[in-house]
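Engineer: need a 3D model of the sequence below.
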Amino acid sequence: MLSMPAAVSAYGQINVDQLSPASVYDTGVIRSGGLDSALWQGVSAVQATSLINNIDTDATGSARRLTRAALLSGGVPPQAADRFEREEYMDARLSAALSLGDLSAFDNLVSYYIVARTSPVFTKTVVERALLGDDLQSACAITDNVIVARKSPYWAKLRAFCHVMRGEIPAAELTADLLARSGHEDKAFFALLGKLTGTRPEIKLSSLDTPLQIAMAREILKTDKLNVKTLPLVFTAAAALDISQDPAERRAALLPSAHLLDAQQIRAVLVGFLDTPPELAEILAQADKQGQLTSFADALGAEIMAVPLQDQANLNAVIFARAAVLRNDTATLRGLFQVLEVGDPLRGRIALASDALNNGFMLGELGADIETRLTGESTEQTRAVRDAFIAVAMGANLSSEAEAVLGTIKLQGRTLKSGELLALQAAARRGSKAEIALRAAHMINGEALRADAFAALLTTFVNVGMHEQAGRLAALDILDAE
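Structural biologist: Numbers count the residues shown, from 1 in each chain. This is a model prediction of the structure:
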């Protein structure tokens with residue numbers, strides 16, 4: 001039956017002492033790709049909390065990477081006027097880590113923050129961690145002791161579920177009846193509760209959207225089937241880890257949910273599928289289509305490095321180049337450049353991507369490759385225009401010839417709202433890198449940005465010293481990675 005991923009199912013050990021005074025430095029729990037300590041310069045805790053509460057936790061690829069960097073890096077916290085604002089920001093950070101599905105990061109943050117789980121600020125987040133970790137005993141124990149807002153629908157629904165878990169079916173049905181009579185609407189909750197109590201043996205749901213609904217569904221799935229059109233990815237990740245399932249089905253479940261698992265878990269699911277370089281190339285290509293290449297490139301770094309460069313070039317040079325960018329592996333990019341045929345257009349793309357990663361555009365020229373393509377045919381020129389914007393954003397000089405050509409080009413694609421650009425510029429002036437990362441993650445999540453909008457984003461990163469993030473985004477775009 002489905003359950004939560006094994007490595008994240010254990011409920012975090014939460015210290016229940018009182019919250020310590022606000023610190024001038026918050027710890028980081030990210031292994032690579034983090035930001036420096038200037039996270040929230042000039043930003044109030046209220047502003048930071050609002051920004052965090054509005055992130056897209058379903059984002060994948062570069063948007064997710066930037067979001068994780070902003071939330072999980074160590075550095076100076078936003079400025080809180082009082083203890084309450086500080087706690088609200090802390091809870092927003094914890095809740096976002098939970099919503100991202102990064103339960104281990106949540107537990108690591110909790111081990112740093114001395115969280116009083118009886119505090120009204122943190123109670124909901126702590127309970128939801130317990131629900132997602134299948135620790136219903138802790139979730140119900142905390143719920144029993146809630147005093148503030150105890151009569152609210154949120155806590156009433158939790159109490160009804162806890163009644164079911166204790167076999168107190170009449171109490172659960174009474175609580176649900178009172179909720180319904182009050183006018184509260186939550187079709188999924190009432191259907192799931194009916195299924196658990198036996199009053200609604202057949203239910204049909206479109207989705208499961210909250211930790212409580214996920215916990216209720218998990219209980220049902222332990223002994224019965226459940227008709228849900230779209231299951232949350234936590235169930236997909238659990239299916240990938242279920243060793244009783246067919247290996248091919250586990251691999252299929254892994255592809256959309258890999259970002260919820262760690263490197264060891266990803267590698268365990270893929271045992272038997274990485275025996276040859278062609279199999280590895282196919283897995284990476286499939287992961288890229290799902291927006292999961294980042295997770296696979298990180299997890300399978302050793303396997304990728306073991307494939308000879310000529311084999312990488314022959315099998316799928318583009319996908320191996322993209323994986324190299326995500327690992328900041330410029331040596332592999334140089335190697336691929338060398339083994340590709342001299343006339344292969346990909347050589348030029350890899351050279352540009354390497355320049356982006358190595359800060360090679362700074363104070364240099366656009367280069368003969370871009371300058372030549374700017375005067376080429378339509379498709380070739382379109383890509384050259386974008387490359388020119390990227391190169392200048394990364395520090396290259398603009399020749400008079402290129403300027404003349406670019407002045408005649410009408411750009412196509414998704415642009416940014418003026419307010420978004422203004423907010424990004426304000427964040428850059430403050431040097432608030434966590435804010436910049438979160439705003440940028442929102443901007444790049446979706447259809448590719450128009451060349452000038454994308455260049456404005458890269459310029460902001462470069463100006464505030466976020467060279468690693470700028471270089472990776474530029475290199476991925478050059479290789480059409482996302």
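Engineer: contacts, neighbours, all on C-alpha from now
Structural biologist: OK.
Engineer: how about the contacts made by Asp177?
Structural biologist: Contacts for Asp177 (CA atoms under 8 Å, 6 or more residues apart in numbering) come out as none.
Engineer: helix or strand for the most centrally placed residue in the chain, which one?
Structural biologist: Of all residues in the chain, the one closest to the mean position by CA atoms, centre = their mean is Arg64, 2.7 Å from it. Arg64 belongs to helix 61-72 when assigned by DSSP states H and E.
Engineer: and that helix, what does it pack against?
Structural biologist: helix 83-99, helix 433-444 (3 or more CA pairs under 8 Å, 6 or more residues apart in numbering; DSSP states H and E).
Engineer: quick one: find the helix or strand in this structure with the lowest mean pLDDT.
Structural biologist: helix 103-112 (a mean of 87; mean pLDDT, DSSP states H and E).
Engineer: can you mark which positions in the next helix or strand after it are buried?
Structural biologist: Using DSSP H and E, the next helix or strand after helix 103-112 towards the C-terminus is helix 120-132. By neighbour count on 16 or more other CA atoms under 10 Å, the buried set for helix 120-132 is 121-132.
Engineer: can you name the next helix or strand after helix 120-132?
Structural biologist: Following helix 120-132 toward the C-terminus (DSSP H and E): helix 136-144.
Engineer: distance from the chain centre to that following helix, please.
Structural biologist: 29 Å (CA atoms, centre = their mean, to the nearest Å).
Engineer: which residues touch it?
Structural biologist: Against helix 136-144 from outside (CA under 8 Å, 6+ apart): 117-118, 123, 126-128, 130-131, 155, 158-159, 162.
Engineer: next, the angle from it to helix 120-132.
Structural biologist: 150 degrees (axes from the mean of the first three to the mean of the last three CA atoms, to 10 degrees).
Engineer: would you mark the buried spots in helix 136-144?
Structural biologist: 136, 138-140, 142-143.
Engineer: can you give the domain ranges for this protein?
Structural biologist: 241-340, 368-413+448-478 (automatic domain parsing).
Engineer: dump these into a markdown table; add mean neighbour count and distance to Ile436 as well.
Structural biologist: Output for those, formatted as a markdown table (neighbours: other CA atoms under 10 Å; distance: least, CA to CA, whole Å):
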| stretch | mean neighbour count | distance to Ile436 |
| --- | --- | --- |
| domain 241-340 | 19 | 20 |
| domain 368-413+448-478 | 18 | 8 |
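Engineer: what's the closest of the ones you listed to Ala97?
Structural biologist: domain 241-340 (11.2 Å; CA to CA).
Engineer: quick check: end-to-end length of the closest one?
Structural biologist: Start-to-end span of domain 241-340 (CA to CA, to the nearest Å) is 38 Å.
Engineer: same check, this time on stretch 133-151
Structural biologist: By CA to CA, one end of stretch 133-151 lies 25 Å from the other end.
Engineer: how far off centre is that stretch?
Structural biologist: 28 Å.
Engineer: again, but for stretch 145-163
Structural biologist: 31 Å.
Engineer: endpoint to endpoint, that stretch covers what distance?
Structural biologist: First residue to last in stretch 145-163 (CA to CA) measures 14 Å.
Engineer: residues contacting it, please?
Structural biologist: 118, 120, 136, 140, 143-144, 169, 171-173, 175-176, 179, 184, 189, 193, 212, 216.
Engineer: weed out the non-buried ones from these.
Structural biologist: Judged by 16+ other CA under 10 Å, buried ones among those: 118, 136, 140, 143, 169, 171-173, 175-176, 179, 189, 193, 212, 216.
Engineer: out of those residues, which one sits closest to Gly471?
Structural biologist: After measuring the buried ones among the contacts of stretch 145-163 against Gly471 - CA to CA - the closest member comes out as Leu212, at 40.5 Å.
Engineer: so that closest one touches Leu131, yeah?
Structural biologist: Yes. Using CA atoms under 8 Å, Leu212 is in contact with Leu131, at 6.4 Å.
Engineer: now the helices for the stretch 201-350 of the chain?
Structural biologist: 211-221, 233-241, 247-257, 263-269, 277-289, 293-299, 301-305, 309-326, 330-339, 345-357 (DSSP state H, counting those that start in this stretch).
Engineer: okay if I get the ones you listed as CSV plus distance to Gly376 and mean pLDDT?
Structural biologist: As requested, these are exported to CSV (distance: least, CA to CA, whole Å; pLDDT from 0 to 100):
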stretch, distance to Gly376, mean pLDDT
helix 211-221, 54, 96
helix 233-241, 45, 94
helix 247-257, 39, 95
helix 263-269, 44, 95
helix 277-289, 30, 96
helix 293-299, 32, 94
helix 301-305, 36, 96
helix 309-326, 23, 97
helix 330-339, 23, 96
helix 345-357, 14, 95
